[in-house]
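Q: predicted model and sequence follow; I will ask about them next.
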Amino acid sequence: MAHETLASCIGCGACARSCPALAISGKEKELRVIDREKCVDCSVCGYSCPTGSVIDAQGRPVERLAPSRRVKPLVNKDLCTACSLCIDICRFGALRLSQPRHPGDTRAWAEPVWEHCVGCRLCQQSCPVGAIEMEVQS
């Protein structure tokens, strides 16, 4: 299943710029197309669409959602193994490896960079130990 764009799309490109899977193509001011094979059904394209021209895999319109209302990663430092899978999967740089807290510190974990996060949940889905939860940050 995949998201789709409707004929009301104005071709602004907001959806394509925000897509974590690079699944959206099209020219400026023309209908954007979502590649069904690449789409990860995260709804970020719809959250970013100014005209409400994106429907989800069930055919429901995706409501525009301000970045401040989107979920962001919270990392459980005790569970995180610093494997970097979450860091590698995020094309927006919304996670980074922690820095040592003092000389000789070998403990590391993924740290969120919330201002870069689009709320796609790919980091959470990629975590092999379940160290990432997603919540709206206030």
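A: Thanks, I have it.
Q: and the residue nearest to residue 30 when sequence neighbours are not counted, what are its phi and psi?
A: Once flanking residues are discounted, residue 30 sits nearest to residue 11: 4.5 Å by Cβ to Cβ, 6 or more residues apart in numbering. Just so you know, the C-beta spots here come from the backbone N, C-alpha and C atoms, and that holds for glycine as well. When read as degrees, to the nearest 10, the backbone of residue 11 gives phi 70, psi 30.
Q: pretty sure residue 11 contacts residue 29?
A: Yes: contact criterion Cβ atoms under 8 Å: residue 11 and residue 29 qualify, at 4.3 Å.
Q: more crowded one of these two?
A: When residue 11 and residue 29 are compared on other Cβ atoms under 10 Å, the one with more neighbours turns out to be residue 11, at 17 against 10.
Q: contacting residues around that one?
A: With contacts defined as Cβ atoms under 8 Å, 6 or more residues apart in numbering, residue 11 is in contact with 26, 27, 28, 29, 30, 31, 32.
Q: 6 Å - rerun?
A: Neighbouring residues of residue 11 by Cβ atoms under 6 Å, 6 or more residues apart in numbering: 28, 29, 30.
Q: possible to save these as a markdown table with secondary structure and distance to residue 47?
A: Output for the contacts of residue 11, formatted as a markdown table (DSSP: H, G, I helix; E, B strand; the rest coil; distance: Cβ to Cβ, whole Å):
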| residue | secondary structure | distance to residue 47 |
| --- | --- | --- |
| 28 | coil | 21 |
| 29 | coil | 21 |
| 30 | coil | 21 |
